[in-house]
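Student: below are the sequence and a predicted model; questions follow.
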Amino acid sequence: MPELVKYSDSPVIAVKGPITRKILAHGPSLMTVEVSFSDEFVDVPHSHFHDQICVILEGMFELNLNGEMIMMTPGDSIFLPGNVPHCVNSLTPGKLLDIFNPRRDDFLK
């Protein structure tokens, strides 16, 4: 069944440091999440079984992809298969859109 998510109704969730997220539309097999960085931030690589697409909306980011550093700017996107070590470091304040398959149920707790 279709489920509309109004952007203004989606709460801002503190993640860590200057990072927040808003959970947007999702179903059991797919989830969209807006991630905001209010300042520069360096993260540590992680992995998860979910496939992920990351789209840079605003700002400049450095993607750490299994130890290789890749610059990403607005409009850039990447597909990350599950279990690939990665993280993004914000070089400026910015936003990105993450899309996960399946849904990140851990984000809903």
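Tutor: Arrived safely, thanks for sending.
Student: next up, the contacts around the most centrally placed residue in the chain.
Tutor: Nearest residue to the geometric centre of the chain (Cα atoms, centre = their mean): D98, 3.7 Å. Applying Cβ atoms under 8 Å, 6 or more residues apart in numbering to D98 gives the contacts T32, V33, E34, V35, Q52, I53, C54. Placement of C-beta: from N, CA and C, glycine included.
Student: how about 6 Å then?
Tutor: V33, V35, C54 (Cβ atoms under 6 Å, 6 or more residues apart in numbering).
Student: which one among those gets closest to D106?
Tutor: For these, the residue nearest D106 by Cβ to Cβ is V33; the value is 11.5 Å.
Student: partner strands of the host helix or strand of the closest one, parallel or antiparallel?
Tutor: Per DSSP states H and E, V33 falls inside strand 30-37. Strand 30-37 pairs in its sheet with strand 19-27 (antiparallel), strand 94-101 (antiparallel), by DSSP bridges.
Student: give me the buried positions along the shortest one.
Tutor: Taking 16 or more other Cβ atoms under 10 Å as the neighbour-count basis, strand 94-101 is seen to contain the buried residues G94, K95, L96, D98, I99, F100.
Student: surely the second one is in contact with V55?
Tutor: Read that as K95. No. K95 lies out of contact with V55 (Cβ atoms under 6 Å); the separation is 9.6 Å.
Student: beta partners of E34?
Tutor: K22, L97.
Student: re the thing from before, let me know the closest of the contacts of D98 to T73.
Tutor: C54 (12.6 Å).
Student: report the contact partners of that closest one.
Tutor: C54 is in contact with I78, L96, D98, counting by Cβ under 6 Å, 6+ apart.
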